[in-house]
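Enquirer: one predicted model, sequence on top.
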Amino acid sequence: MGDPGLFTPDSVTWQMHGDPMMWVAGIRALYLQALHPRAVRGVMQNSDFRKDAWGRLMRTANFVGTTTYGTTEAAERAGARVRKIHSMLSATDPVTGERYGVDEPELLLWVHCAEIDSYLQVLRRSGFRLTDAEADRYIGEHRASARLVGLDPDAVPANQQEMNAYFEKVRPELAVGPEAHEVDDFLLRPPTHPLLVPAREVLWRRVAHLAYAALPPYAHELYGRPAPKPATVTLRLRATGNLLRRVPARVRWQLPPKHILRAMARLGPGARPAPYKLGRQLAILDEPGVGGANRTGGDRGRWGTAG
């Protein structure tokens, strides 16, 4: 058997990251990450976000795919590349003149937590069923990805309680500055070929609005735009998830860069990500009386009311 990689097919991460709603979650993460002025300033001052935003999105998706489904060596190599790039970049506070590195631990931690929280919240609300124990395990697993970008794993939230406490602590530092408005404007109206503008208005804006709506209430307050009631947003996420999941996985996974198909070729068909596998894993991995609670089994049992 080949190298199972950083997370392995037994992880919650392996099953979750094969879900098509990860794309909506990724956009939600961008909205959330832009609320930290120092973090988003580091992005905007070191890249032409508007001209290369798609490239940036794809590089992020490739990093997540590589660290999730690639070999251990590939994941470590991807992490080393990110750390090297970050070590060479800095940003300047336009008010105080302070110059700081984009690899400051507090900035890396914000980006990490906003990303992992977005993946978890969007997938659960869209019908990817996870128990609280599985959600805790998912957050804990990503101490490994936090290490790859240069964070001390022991300083990273390991479960939902610690993640919630982190967001409560950091909220006073959040604000919507010029850079956040620029990210918001791009996500609503990304530059595209004139012939594709109608498709952008019909398809992309709906996805962007849904990702924005999935943000926590305090983010809506900061951006200054209201969102539908949480229950309405959850219904929209569920409907979108049901629609996207009707596309056969093998068809979705054919899109570049094909991380999942390569992982299955390396490890065998049993490595195929599937939501129903989570219940079986808890029965094996948890202590007696914990893993077997509230299980129905099978694909049908893994879709439904999240949480």
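Expert: Received the coordinates, thanks.
Enquirer: does Thr8 touch Trp14 like I think?
Expert: Yes - at 6.6 Å, Thr8 and Trp14 qualify as touching, with contact defined as CB atoms under 8 Å. The C-beta positions use only the backbone N, C-alpha and C, and glycine is treated the same way.
Enquirer: give me the more crowded residue out of these two.
Expert: Trp14 (26 against 14; other CB atoms under 10 Å).
Enquirer: average pLDDT across the helix or strand containing that one?
Expert: Under the criterion of DSSP states H and E, Trp14 resides in helix 12-16. Regarding helix 12-16, the rounded mean pLDDT is 98.
Enquirer: do the same with stretch 115-128
Expert: Rounded mean pLDDT across stretch 115-128 is 98.
Enquirer: what residues does that stretch touch?
Expert: Applying CB atoms under 8 Å, 6 or more residues apart in numbering, the set of residues contacting stretch 115-128 from outside is 16-17, 19, 21-22, 24-26, 28-29, 32-33, 130, 135, 138-139, 142, 163, 167, 211, 214, 233-234, 237-238, 240-242, 275, 302-307.
Enquirer: from the chain's centroid, how far away is that stretch?
Expert: Relative to its chain's centre, stretch 115-128 lies at 8 Å (CA atoms, centre = their mean, to the nearest Å).
Enquirer: what does stretch 109-116 give?
Expert: 8 Å.
Enquirer: any idea how far Arg236 lies from Pro228?
Expert: Using CB to CB, to the nearest Å, we find Arg236 at a distance of 7 Å from Pro228.
Enquirer: hmm, back to that, what is the helix holding Trp14 packed up against?
Expert: The helices and strands touching helix 12-16, judged by 3 or more CB pairs under 8 Å, 6 or more residues apart in numbering; DSSP states H and E, are helix 49-69, helix 132-141, helix 277-285.
Enquirer: swap the cut-off to 10 Å and go again
Expert: With contacts defined as 3 or more CB pairs under 10 Å, 6 or more residues apart in numbering; DSSP states H and E, the packing partners of helix 12-16 are helix 49-69, helix 105-125, helix 132-141, helix 277-285.
Enquirer: buried ones in that helix?
Expert: Val12, Thr13, Trp14, Gln15, Met16 (16 or more other CB atoms under 10 Å).
Enquirer: nearest to Glu98, of these?
Expert: Distances from Glu98 to the buried residues of helix 12-16, taken as CB to CB, are shortest for Thr13 (36.1 Å).
Enquirer: from Ala180, how far out is that closest one?
Expert: 29 Å.
Enquirer: okay, how far is it across stretch 267-276, tip to tip?
Expert: For stretch 267-276, the first-to-last residue distance is 19 Å (CA to CA, to the nearest Å).
Enquirer: pull out the buried residues from it.
Expert: Using 16+ other CB under 10 Å as the test for burial, stretch 267-276 gives Leu267, Ala271, Arg272, Pro273, Pro275, Tyr276.
Enquirer: what's the overlap in contacts for Arg236 and Pro228?
Expert: Counting by CB atoms under 10 Å, 6 or more residues apart in numbering, the contacts common to Arg236 and Pro228 are His209, Leu210, Ala213.
Enquirer: from those residues, pick the one nearest Ala155.
Expert: Closest approach between the shared contacts of Arg236 and Pro228 and Ala155, by CB to CB: Ala213, at 31.3 Å.
Enquirer: great, nothing more from me.
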